[in-house]
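Visitor: no sequence on hand, only this structure:
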């Protein structure tokens with residue numbers, strides 16, 4: 001597989017992971033619980049494919065850098081898009097983890113603040129309990 005092919009497949013995989021992270025984020029916000037096992041399994045499979053893609057990119061390496069300036073520029077563009085997408089994925093995953101933690105530790109929703117009590121009522125309550 002040539003380097004441009006490997007790069008374009010890698011970018012496509014990054015886009016798939018980003019869409020999945022968005023789907024997980026939406027699920028967590030709507031259901032206020034951890035993602036379902038099916039989503040987690042899909043993420044695991046995509047991450048395995050990402051590892052394989054990174055290995056292929058390492059194998060092709062920089063040895064076949066195109067001599068054509070336009071091709072080099074296109075390659076650089078795809079690499080930057082991939083990096084940007086991975087940063088977006090990492091940001092979403094961090095947010096998803098924080099949401100899951102908040103919802104798993106949150107328990108009951110915080111109560112509304114107590115209403116103001118008139119000073120006279122406080123005095124009566126105090127006198128009753130003295």
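Guide: Yep, that arrived. Just so it is clear, the structure is predicted and the values come from calculations on it, not from any experiment.

Visitor: going forward, measure contacts and count neighbours with C-alpha atoms only.
Guide: OK.

Visitor: where does residue 34 sit: helix, strand or coil?
Guide: coil (DSSP: H, G, I helix; E, B strand; the rest coil).

Visitor: wait, what's in contact with it?
Guide: By CA atoms under 8 Å, 6 or more residues apart in numbering, the contact set of residue 34 is 28, 100, 104.

Visitor: quick one: low-confidence ranges for the protein?
Guide: Applying pLDDT under 70 to the chain flags the ranges 1-3, 61-66, 107-117, 122, 126, 130.

Visitor: max-length helix in it?
Guide: helix 69-106 (DSSP state H).

Visitor: just checking, next helix/strand downstream of that helix?
Guide: The helix or strand immediately downstream of helix 69-106 is helix 119-128, counting by DSSP states H and E.

Visitor: report the distance from that following helix to the chain centre.
Guide: Relative to its chain's centre, helix 119-128 lies at 53 Å (CA atoms, centre = their mean, to the nearest Å).

Visitor: could you say what helices and strands that helix packs with?
Guide: Where contact means 3 or more CA pairs under 8 Å, 6 or more residues apart in numbering; DSSP states H and E, helix 119-128 is not packed against any helix or strand.
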